[in-house]
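Participant: using only what follows, build the 3D model:
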Amino acid sequence: MPDETTSKPDSKRAEQPESKSAGEEPRPLTPMAIAAPIVGWLVPGGGHFLLGQWGRGLLLMASVTSMFALGILMNGKVYTFNTGDILDMLGFVGDIGAGLLYVVTRFMDWGRSSIDLATADYGTKFIVVAGLLNVICAVDAYHIAIGEKP
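Facilitator: Here you go, the predicted structure:
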């Protein structure tokens, strides 16, 4: 008597979409695929606005901007370019991810105080995380622009 599990076709496999193979051609870069992540990096949520994703863009703009602003209000430190300490360099990379928020903060000379309170340390982390979240948002705008995500 044949085993029932081996004679039936694998129905779960048939339902799953085919994964991308290594030989599949990459999607061509369009002007929108280049502009969306750049605008999204400069202005939080801007790449999504450019793509017509108004709800997502507003949510991302509010999230990134409020995190960055709360970090500044907590007297968080804004890192500058530094070639000495590795943690300062990583903090700078996180901060620069906020785009124009970082530029405005540096222009207004905010975030230069030393960290002497626990809230200032939390504020520094808020600023860095806001920048990193903005980078993720810019990558998301790129994926929407090339058609990999709705």
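Participant: which secondary structure elements does the helix or strand containing F126 sit against?
Facilitator: Remark: F126 resides in helix 118-145, with elements defined by DSSP states H and E. Applying 3 or more C-beta pairs under 8 Å, 6 or more residues apart in numbering; DSSP states H and E, we find helix 118-145 packed against helix 31-42, helix 46-50, helix 54-73, helix 86-96, helix 100-107. All C-beta atoms are positioned from the backbone trio N, CA, C, and that covers glycine.
Participant: for those helices, which one ends up most surrounded?
Facilitator: Greatest average neighbour count among the helices and strands packed on helix 118-145 goes to helix 46-50 (a mean of 24), per mean count of other C-beta atoms under 10 Å.
Participant: least trustworthy helix or strand in this protein by mean pLDDT?
Facilitator: Every helix and strand in the chain was compared by mean pLDDT, DSSP states H and E; the lowest is helix 11-15, with a mean of 48.
Participant: so which bits of the helix holding F126 are buried?
Facilitator: Neighbour-count burial for helix 118-145, counted by 16 or more other C-beta atoms under 10 Å, picks out 120, 122-135, 137-138, 140-142, 144-145.
Participant: any idea which residue is closest to the centre of the protein?
Facilitator: Centroid-nearest residue in the chain, with C-alpha atoms, centre = their mean: I136, separated by 1.6 Å.
Participant: tell me the pLDDT of that residue.
Facilitator: pLDDT recorded at I136 is 98.
Participant: many thanks, have a good one.
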